[in-house]
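what's the 3D shape of this:
(chains A and B)
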Amino acid sequence: MAYSLSLGLLYLGLLCGNGLVSARSELFTPDPSRGPHFTGCRSREQETFRCWWSAGIFQNLTEPGALRVFYQTKNFLSEWQECPDYTRTVKNECYFNKTFTQIWTSYCIQLRSVRENITYDEACFTVENIVHPDPPIGLNWTLLNVSRSGLHFDVLVRWAPPPSADVQMGWMSLVYQVQYRVRNNSHWEMLDLESGTQQSIYGLHTDKEYEVRVRCKMSAFDNFGEFSGSIIVHVAQIPSKESTFPTTLVLIFGVIGVVILLVLLIFSQQQRLMVIFLPPIPAPKIKGIDPELLKNGKLDQLNSLLSSQDMYKPDFYHEDPWVEFIQLDLDDPAEKNESSDTQHLLGVSRSGSSHVLNFKSDDDSGRASCYDPEIPNPEDLASLLPGHSGRGDNHPLVSRSSSSIPDLGVQQTKEVEETPIQTQPAVPSWVNMDFLCQVSDFTPAGGVVLSPGQLNSSPEKKKEEENEKKIQFQLLSDGAYTSENTARQLSASVPPSPGPEQGYQTFPTQAVEGNLWNGEYLVSTSDSQTPYLLPEAPPAPILPPVSDYTVVQEVDAQHSLLLNPPSSQPAICPHSPNKHLPAMPTMPMGYLTPDLLGNLTP
Amino acid sequence: FGLSLPAVAVLLVALLCLDPHCRVGSAPICAHGPSGCHIPSLADLFDRVIQHSARMHSLSNDLHSEFEQYFLPSKNHIGKIYRKCHTSNILTPNGKDNAQKLAREELTEVILKLLMAWRDPLFQLHQSMAHQQDFNSFSSNKALEMGDMAHELRKGVEKVAEKMRVLGMLGNSVTGLSAAEAMLPLSDSGEAMSDYELLYCFRRDSNKVQNYLKILKCRIVPEHDC
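Here you go, the predicted structure:
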């Protein structure tokens, strides 16, 4: 009965009271807005406990004895007993010593005013649930190691369990929690619970001061005790330049070494690198000219070579085929194709011909007046040369190779290294056009002395030096497309040489008597004549020194070009006229101008 | 007769193995002497059981906290005030001094009584938690584990007691607990206790067992400052 009554009271107290102390203890701060209430109960070592209360707003109850604490254990006794010990030194504290402390027992305490017989507050708990262990003691730290950079370090923190807690016997099994922070920082770093009495802290920064503290609680319970006093952990940063020094040195030397290597590489492989990074602009190739021939051949050969090239002929030659010097062929350009007279003359075949010059005695389209039919034209010769058929790609005119220019004449059967020389699959259009007749000299009467295949400009200077000739030839050979290197060489070594356009006139040729077929559009060496031309050329002593072009002076009724007035000229080209042309004793050298062209058309 | 040779052999083997001597059992490794064989000492045994009881208590604490958190958010719940556990009838020392003053045999017996008393209720707890949808699977597994732990702990403590008796540390007053002493948890009103009450009571009792074992060890195995 009494039991149920007390139970009901308890229930009422719970419903009405706000200061119920649950199994978890509360804070100590009294609530001044309330009446008398318990502020908390705590046990330090699970053997004794204390309870505190506050009078609250009821100031008239502050004198001692006004409020009293009664407790009741829920084991067997259901009587309310008063607090066994009101602590004298501390105000409003009730202390339960060992004899009055029962673990695993529910306690209920009440705060009553006996005079008024009012129960202001009540709380129930069990002692093991209100245990807050004392803080650990003896907190210290030792340095574990410092990182290689000297920026971080690790410490080992040690402590001892609170002396009040009986951990020896295991009456209290404690777990600890270490916290640390940078000094004067507001955030504490918390480490995991540790059941031992030491803990390592890793990754602390040197030159920073750290605060470390520790607290403990009973394992499997939730109430932490107070924190221990903070200790300061500080490690001065050692200025270790050594660690960074080798690294920077190594880095610097490595970079220098790499740079040196690169420079060496570049200088050693300069040429190749130049080719890779700055590829040379391919020089246009002149069809039909073997670069090796240009380099090593005789000037006669070169002359003939060059005379056969397109570039020496202005375009309008192509457009106006009838404008050609000798050839008065007014036929359509279709005739200029592969079955040209020249081809027939030369007997060029696809399979590759030897260097025998086959000259047609007839069927020369107007060349007869200027050239001996037997005498191979420079262009005929040139047609033998590589690239005549228009395969100019195979024979870059400019070539720095040192291969010798094959001798077309002497080694007729000599196989040239470059196959294109031998094969003339197609004769380019310009082959159909006869070459210019060279004016070798001017007669006092005003006539022009022509010499076939010889490039001469007698008025111009004659250059005996082989180098000059060759160089000039090279320049000419490149034509308008002289490569830079060649030009450099030329300009460096040779006094200003005339441009290609003037090449015909400027290249002095030796008056090589009996040297019909030098084909020298360039000056050949005095000693070496282009042998490949030479044997084929029947001597034509009648031919005066080299003359370049024949000027077409008039056109006669048969649509023949009169290159020279028949009366005034020596028979420079005294030969039988070709089919197309009447006998034209001379061939004036020169280009046909448009007005002259008009004269041609009947 | 018709029995072939293999059948006869099988029969023979079966007969032989029916013999208890032939039965395959766990032969002790250390039967031939202590050479290279580590027989756990009493201290080691005590450490093991204490460790086990600590784990059990921790588990019970977790379950209790979970229950409190999910089902009793208000701390002012009436049910928290007072519970009478079914093990309240067992006289247990309520303090360190009392436990230290108690005889070893009695202390051991108390421990065994407590553990025995919780065998069925823990199984009951697991059953009810597993059936309820409110609990997640973790809680129900914890309850099952807790029940197994209690069972194992009881076996362990019995072994320790056996060893102590062999070593002459215990008198013969320790009697084996019979199944009749296993009580059914009943509250005052005769109703079955709720899950929360069971958890509350077991948490308390597991803490008791842990501390009693520690005290017992300290008294049986003399250590420094114990």
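
how many neighbours does residue A:122 have?
By other Cβ atoms under 10 Å in any protein chain shown, the residues close to residue A:122 number 25. To be clear about C-beta, it is placed using only N, CA and C from the backbone, and glycine gets the same treatment.

quick one: contacts for residue B:45?
By Cβ atoms under 8 Å, 6 or more residues apart in numbering or on different chains, the residues touching residue B:45 are B:156, B:159-160, B:163.

show me the helices in the stretch 151-300 of chain A, by range?
With DSSP state H, counting those that start in this stretch, the ranges of helices along the stretch 151-300 of chain A come out as A:241-268, A:270-277, A:291-296, A:299-307.

for the third one, give the mean pLDDT please.
Helix A:291-296 shows a mean pLDDT of 68.

any idea how far residue A:214 is from the closest residue to chain A within chain B?
Nearest residue of chain B to chain A: residue B:214, at 3.5 Å (Cβ to the nearest Cβ). Residue B:214 is 23 Å from residue A:214, where distance means Cβ to Cβ, to the nearest Å.

next SSE after the helix or strand bottoming out on mean pLDDT in chain B?
Every helix and strand of chain B was ranked by mean pLDDT, DSSP states H and E. The lowest is helix B:5-18, at a mean of 74. Helices and strands here follow DSSP states H and E; after helix B:5-18, the next one along the chain is helix B:42-71.

and the contacts of residue B:45, which of them are buried?
Buried positions within the contacts of residue B:45, assessed by neighbour count (16 or more other Cβ atoms under 10 Å in any protein chain shown), are B:156, B:160, B:163.

from the contact counts, what lies against the helix or strand where residue B:143 lies?
Here residue B:143 is covered by helix B:137-167, with elements defined by DSSP H and E. Using 3 or more Cβ pairs under 8 Å, 6 or more residues apart in numbering or on different chains; DSSP states H and E, the elements in contact with helix B:137-167 are helix B:42-71, helix B:104-117, helix B:119-131, helix B:195-220.

list the buried residues for the first one?
Judged by neighbour count using 16+ other Cβ under 10 Å, the buried positions of helix B:42-71 are B:42, B:45-46, B:49-50, B:52-64, B:66-68.

tell me the contacts of residue A:262?
For residue A:262, no residue meets the contact criterion (Cβ under 8 Å, 6+ apart).

from residue A:155, how far out is whatever residue of chain A ends up closest to chain B?
In chain A, no residue comes nearer to chain B than residue A:170, which is 3.5 Å away by Cβ to the nearest Cβ. Per Cβ to Cβ, residue A:170 is found 29 Å from residue A:155.

so for the two, which sits in the more crowded spot?
Set residue A:170 next to residue A:155 and count neighbours by other Cβ under 10 Å: residue A:155 wins out with 22 against 18.

skipping adjacent residues, who's closest to the more buried one in space?
Once flanking residues are discounted, residue A:155 sits nearest to residue A:141: 4.7 Å by Cβ to Cβ, 6 or more residues apart in numbering or on different chains.

any idea of the mean pLDDT in whichever strand or helix holds the one you found?
Assessed by DSSP H and E, residue A:141 sits inside strand A:137-146. Taken as a whole, strand A:137-146 has a mean pLDDT of 93.

got it, and stretch A:235-252?
If you average the pLDDT over stretch A:235-252, you get 77.

again, but for stretch A:182-191
Confidence for stretch A:182-191, expressed as mean pLDDT, is 91.

what's the span of it from first residue to last?
One end of stretch A:182-191 sits 14 Å from the other (Cα to Cα, to the nearest Å).

ok so, going back, residue B:212 is in contact with the residue of chain A closest to chain B, correct?
No - counting by Cβ atoms under 8 Å, residue A:170 does not reach residue B:212; the two are 10.5 Å apart.

can you give me the first-to-last residue distance of stretch A:73-83?
Rule used - Cα to Cα; the end-to-end distance of stretch A:73-83 is 12 Å.

list the buried ones in it?
Using 16+ other Cβ under 10 Å as the test for burial, stretch A:73-83 gives A:73-74, A:83.

I'd like the average pLDDT over that stretch.
On average, stretch A:73-83 scores 78.

do stretch A:38-54 as well
Mean predicted lDDT for stretch A:38-54 stands at 91.

is chain B within reach of it?
Yes - using Cβ under 8 Å from any Cβ of the partner chain, we find that stretch A:38-54 touches chain B at A:46-47.

report the separation between residue A:156 and residue A:145.
Here the criterion is Cβ to Cβ. By it, residue A:156 lies 10 Å from residue A:145.

if you count what's nearby, which of the two comes out ahead?
Using other Cβ under 10 Å, the more surrounded residue of residue A:156 and residue A:145 is residue A:156, with 13 against 10.

sweet, I'm off.
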